[in-house]
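Engineer: Quick one, structure for this:
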Amino acid sequence: MNGPLSRELTRQERAAIRRLVTDLCANHDNQDRLCIPLDCPCYMLQKWWTGSFCRYFQEAVLPVNLELESAITGEDTSLKQKTCPVCGKAYLPTTSQAYCSDSCRAFARRKSERERKRRIRRN
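Structural biologist: Next up is the predicted model:
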């Protein structure tokens, strides 16, 4: 990690990491509790200190939990997230994404079309 010093993880952080690994990690085999690409016990389930993390976990799984990511890395991840103007939900945008989902984008498009038609009919 890019943090200045390694420190011991708190109990809540360790539990959150275990939950993320067992629920969301595509490389984790829940039946055998193995890391599939390495064919050995999952390194992240035995994690006690900040420092080096599994690259897949760090890049694909950890960004799901923004509070945990900011606590572990020491960086403010709240600047990366946006708020959806339709539903108000916070999300991590990919590229220049303005809405959190396709349904919110469709809702906003229908609303703007309605407003545009009303202006045209009024004039």
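Engineer: so Gln12 is in which element?
Structural biologist: helix 11-24 (DSSP states H and E).
Engineer: Does anything pack onto the helix or strand that comes right after that helix? Which helices or strands?
Structural biologist: Next helix or strand after helix 11-24 toward the C-terminus (DSSP H and E): strand 28-29. Where contact means 3 or more Cβ pairs under 8 Å, 6 or more residues apart in numbering; DSSP states H and E, strand 28-29 is packed against strand 34-35. The C-beta positions use only the backbone N, C-alpha and C, and glycine is treated the same way.
Engineer: ok, residues contacting the helix ranked longest in the chain?
Structural biologist: The longest helix of the chain (DSSP state H) is helix 102-122. The contact list for helix 102-122 (Cβ atoms under 8 Å, 6 or more residues apart in numbering) reads 84-87, 98-99.
Engineer: For the helix holding Gln12, C-alpha coordinates in PDB please.
Structural biologist: Output of helix 11-24 as PDB, limited to C-alpha atoms (Å, rounded to 0.1, in the frame of the first residue of the first chain):
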ATOM      1  CA  ARG A  11     -11.100  -6.100  14.500                       C
ATOM      2  CA  GLN A  12     -13.700  -4.400  12.400                       C
ATOM      3  CA  GLU A  13     -11.300  -3.900   9.500                       C
ATOM      4  CA  ARG A  14     -10.300  -7.600   9.600                       C
ATOM      5  CA  ALA A  15     -14.000  -8.700   9.700                       C
ATOM      6  CA  ALA A  16     -14.800  -6.400   6.700                       C
ATOM      7  CA  ILE A  17     -11.800  -7.800   4.700                       C
ATOM      8  CA  ARG A  18     -13.000 -11.400   5.500                       C
ATOM      9  CA  ARG A  19     -16.500 -10.500   4.400                       C
ATOM     10  CA  LEU A  20     -15.400  -8.900   1.200                       C
ATOM     11  CA  VAL A  21     -13.100 -11.800   0.300                       C
ATOM     12  CA  THR A  22     -15.700 -14.500   1.000                       C
ATOM     13  CA  ASP A  23     -18.600 -12.600  -0.700                       C
ATOM     14  CA  LEU A  24     -17.000 -10.800  -3.600                       C
END
